[in-house]
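Chemist: take this sequence and fold it.
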Amino acid sequence: MAKLLTGAPVVTALGGELSKRVERLKAAGIVPTLAIVRIGERPADLSYERGASKRCAAIGIEVKHIFLKPDYRPEELMAVVQEINGDPGIHGCLMFRPLARREDELAVCAALKPEKDMDGITAWSQGNVLSGEEGGFAPCTAQACLEILDYYGYSLKSSRVTVIGASMVIGKPVGIMLLNRCATLTMCHIDTVDTASHCRGAEILISAAGCAGLVSKDYVSPGQVVLDVGINTNPEGKLCGDVRFDEVEPIVEAITPVPGGVGTVTSTVLAKHVVEAAERMCRK
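Modeler: Purely as a prediction, here's the structure:
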């Protein structure tokens, strides 16, 4: 039976330390505040917003909710971004994506102040992730993967890691972050030939393809650590990951469940970014 790498203890460890940092900020007269911008009512966005709000409240972070209808005008969206940019009481922004119009998404990424970008959507944040320099914030889910590996004591240095998925949201940034931690990286994407063979040779496998049931027993081998980042819905309407858990769990050494794994940690990473942004502003 594989070890379950659940997110709850990671959240507890991170949350306790963050609460102390929030107390120090409030003692200095600073209330860490996050603006969440949501367009429409996609179930995944609503679920994440609820979870993030609950996590922030538990730590002591205030959340400002901004909602736009799906038929918003581009100037409305940009006015929201400029309001967030100009409000010194807002330390971070989470913008739910993708937006319906690609040009709007590009405009938001270009306009949002990098220091208020909590999810790695601006070029400045992405550049810092690429270089490994301080400043900017990585996408929350990508960082959540590393937080889990660190908490459970899995070293990345020289480890063979395969990532399935090459999106700018998770796959590419987590790949870069792994390289910055001296892992030996294999990236698989939609045009990779024989993905299963690339996966079997890894010590750590991270699946962020967004494809329910993609990773079967043929993709894994004994001794592996598997992080399932996928959030999907199966034919029965139940939440599931990219990994066929019942097939893979008896073979590997350790695995994250869905739900209860990487997604659980993501909202706490978001809160961590808000606290760090408030601390940076305090030092200015």
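
Chemist: list the helices and strands the helix or strand residue 163 falls within packs on?
Modeler: Secondary-structure element containing residue 163, defined by DSSP states H and E: strand 160-164. Counting contacts by 3 or more C-beta pairs under 8 Å, 6 or more residues apart in numbering; DSSP states H and E, strand 160-164 is packed against helix 171-180, strand 184-188, helix 195-200, strand 204-207. Quick note: C-beta positions are derived from backbone N, CA and C, even for glycine.

Chemist: so which of those is nearest residue 54?
Modeler: Within these, the stretch nearest residue 54 is helix 171-180; the backing value is 24.8 Å (C-beta to C-beta).

Chemist: let me see the contact set for residue 55.
Modeler: Residues in contact with residue 55 (C-beta atoms under 8 Å, 6 or more residues apart in numbering) are 11, 15, 267-268, 270-271.

Chemist: list just the nearest of those to residue 79.
Modeler: residue 270 (23.7 Å).

Chemist: what is the burial count for that closest one?
Modeler: For residue 270, the count of nearby residues is 26 (other C-beta atoms under 10 Å).

Chemist: that one: what secondary structure?
Modeler: Assigned with DSSP: H, G, I helix; E, B strand; the rest coil, residue 270 falls in the helix class.

Chemist: quick one: buried residues of the strand holding residue 163?
Modeler: Buried residues in strand 160-164, counted by 16 or more other C-beta atoms under 10 Å: 161-164.

Chemist: go on, stretch 8-19?
Modeler: 10-11, 14-15, 18.

Chemist: export those residues to CSV and tack on distance to residue 142?
Modeler: Output for the buried residues of stretch 8-19, formatted as CSV (distance: C-beta to C-beta, whole Å):
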residue, distance to residue 142
10, 15
11, 17
14, 16
15, 20
18, 19
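
Chemist: now the stretch 1-150 of the chain, which segments are flagged as low pLDDT?
Modeler: Scanning the stretch 1-150 of the chain for pLDDT under 70 picks out nothing.

Chemist: so which residue is smack in the middle of the chain?
Modeler: Taking C-alpha atoms, centre = their mean as the criterion, residue 141 is the residue nearest the geometric centre of the chain, at 1.4 Å.
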